[in-house]
Structures are given as structure tokens and as C-alpha cells.
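Novice: okay, predicted coordinates and the sequence, questions at the end:
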Amino acid sequence: MRYFRSRRMQRLVSLLGITAQTRVLDVGGEINIWLSLPIRPRITFLNLSAARVGSSEVDYVVGDGRLLPFEDKSFDLVFSNSVIEHLGDFASQQLFAKEAVRVGIRYCVQTPNRWFPIDPHLFTPLIHFLPQSWQRRLLRNFTTWGLVTRPTQEQCDELLQEVRLLGYREFKGLFPNAEIYRERFLGLTKSLVAIGCGDRSLSVQQEATGEGHQLQGSPRFEGQSPAADRPNLRRRWVNE
């Protein structure tokens, strides 16, 4: 998992041209995910508690991603990694998405793919496809998460109420003007990444290689281009 996050961050820097002067709001994140980068943008972390950030030497704000305490377009980039699926219900996920688009000139939001066979929270194949009543009975003694952490029944219930995974269609519905990239593992879509610029479309230069279309260079943001004018991108986050 750490490997995928490191590669994801390297691609993000290359794709969006992030520099040390880029103002980033990381919603729900920690400092560790940024440590693998050769440059450090001007990051502000927003979490439900200060302890969640993981360092006292960074700028942070205590707040809720569904109601960000910032003016419109306050940051060059709003970034969020594996947070939107922890909001419990679709209405909260809609609020989260709207706030990311409102506050960021650009935004990048990642989430695990609901249809990948292994739930990254439970580290167990297929169990997240079962009815929630079945999952409740199985979480503690029949998942890797349960066997390692030995949660109480209350903690199992809290996890089931908190996590709501998203598939491509729902995720695209939350970010209709974004390009949705697929991060693949063994040919299967493991994660979805929405990258956009408010209510405008995102064009990215491409370079054809022997292994498919690798995303290269910095994006161009085009004001209110119709869908037909968008580039013919192969919507995937290329794994090497």
C-alpha cells in the first residue's frame, strides 16, 4: 500500500506541475504521504483532530471536510487520499466533493474502487460484497483486520457504518467535470482518482509509448469546454 501511495504522489507532482510554492490543502491526510516527494509544497492539513496529522511542525486546521472553513479557490490544489469513503453515506460524500471543488483551483481526490476484490480496510477478499448483516458476523474472526486488531463488536459496527466504498459511476457522479483515472493492479482497477479544475475540463498532454499512453507534462485548463472537446484519454493511472 505504501508503494502505491508513493507512486501515486510522484505522478501527481509530474501531472500537475506541483512546486514548493504550490498551496495545497490536504483533507484528512497525514504528513507521511508527502515525505517521499523531492519537493515540499505549502501544505495545510485539515483533520477532525490535530493528533491525526502526525506532526506538530506543519500547518493544520481542525475541521470537517464536508464544510471547509475557507473561501472559494483558497488553495491551488485540494488533495484527499482515501478519505471520501469514510463518510458513511452518499449525502456526506456529495458535500465533501462539492467542498473540494469549491475551495481548490484544482483538486485531486482518490478512493479505493468498490469493485476491486480486496477491501483495503479489511485486507480480505470478497467480504465487502456480502450483506452488511453477514459482514457484521464475520469481521472479527474471519478477516485479516479482525484477526490482527481484535476489535470489539462495537468497533466492528462503527467500521461498517463509517465505510461506504464507491464504484466508477458514483465517483464520476460526484466529480462530473473531472477526469477519472484508474489505478490498476494485475489488470484490475484498484483505486479511482478524480483530477479536475472546478467546473472546467482538464486537458493533459500525452505521449504514446510501447506500453500505452503515459500521461506527461503539465495540464492545460480550458474554460467550460464541451465534453466532445476533451482529449481522448485512456482513463487509467498507468502502473509500471
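Specialist: Arrived safely, thanks for sending.
Novice: the residue nearest to the spatial centre of the chain: what secondary structure?
Specialist: Against the mean C-alpha coordinate of the chain, by Cα atoms, centre = their mean, the closest residue is residue 110 at 1.5 Å. Put simply, residue 110 is strand when judged by DSSP: H, G, I helix; E, B strand; the rest coil.
Novice: from residue 132, how far off is it?
Specialist: Applying Cβ to Cβ, to the nearest Å, the value for residue 110 to residue 132 is 24 Å. Yep, even glycine has a C-beta here, placed from its N, CA and C like the rest.
Novice: for residue 161, same thing?
Specialist: Using Cβ to Cβ, residue 161 is found at 9 Å from residue 132.
Novice: repeat for residue 125
Specialist: In this structure, residue 125 lies at 17 Å from residue 132, with Cβ to Cβ as the measure.
Novice: more neighbours: these two, which one.
Specialist: Regarding residue 125 and residue 132, a neighbour count based on other Cβ atoms under 10 Å identifies residue 125 as having more, with 13 against 10.
Novice: mind listing what the more buried one touches?
Specialist: Taking Cβ atoms under 8 Å, 6 or more residues apart in numbering as the criterion, residue 125 is in contact with 117-118.
Novice: need phi/psi at it.
Specialist: Note on residue 125: backbone dihedrals following degrees, to the nearest 10 are phi -70, psi 140.
Novice: ok, now the one 4 residues further on?
Specialist: In terms of degrees, to the nearest 10, the main-chain angles of residue 129 are phi -90, psi -10.
Novice: in the chain, what spans have low per-residue confidence?
Specialist: Judged by pLDDT under 70, the chain has its weakly predicted residues at 1-3, 52-56, 198-240.
Novice: could you pull out the helices in it for me?
Specialist: Listed in chain order, the helices of the chain (DSSP state H) span residues 2-16, 90-103, 132-142, 144-149, 153-162, 168-174.
Novice: mind checking which of those helices is nearest residue 196?
Specialist: When those are ranked by distance to residue 196, counting by Cβ to Cβ, first place goes to helix 90-103 at 7.2 Å.
Novice: which other helices and strands contact that closest one?
Specialist: Helix 90-103 sits against strand 23-27, strand 75-81, strand 104-112, helix 168-174, with contacts defined as 3 or more Cβ pairs under 8 Å, 6 or more residues apart in numbering; DSSP states H and E.
Novice: what packs against the third one?
Specialist: The helices and strands touching strand 104-112, judged by 3+ Cβ pairs under 8 Å, 6+ apart, are helix 2-16, strand 75-81, helix 90-103, strand 188-196.
Novice: hmm, back to that, the helices of the chain into CSV, with extra columns for distance to residue 193?
Specialist: Supplementary listing: those in CSV, determined by distance: least, Cβ to Cβ, whole Å:
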stretch, distance to residue 193
helix 2-16, 7
helix 90-103, 13
helix 132-142, 26
helix 144-149, 24
helix 153-162, 22
helix 168-174, 9
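Novice: quick one: which of those is nearest residue 117?
Specialist: Judged by Cβ to Cβ, the one of the helices of the chain that comes nearest to residue 117 is helix 144-149, at 13.8 Å.
Novice: thought the residue nearest to the centre of the chain was touching residue 190?
Specialist: No. Assessed by Cβ atoms under 8 Å, residue 110 is found out of contact with residue 190, at 10.5 Å.
Novice: give the residues shared as contacts by these two.
Specialist: Common neighbours of residue 110 and residue 190, using Cβ under 8 Å, 6+ apart, are residue 183.
Novice: what bridges to residue 112?
Specialist: Listed by DSSP bridges, the beta-bridge partners for residue 112 are residue 191.
Novice: that one touches residue 85, doesn't it?
Specialist: Yes. Taking Cβ under 8 Å as the definition, residue 112 is a contact partner of residue 85 at 6.3 Å.
Novice: and for those two, which residues touch both?
Specialist: With contacts defined as Cβ under 8 Å, 6+ apart, the residues shared by residue 112 and residue 85 are residue 165.
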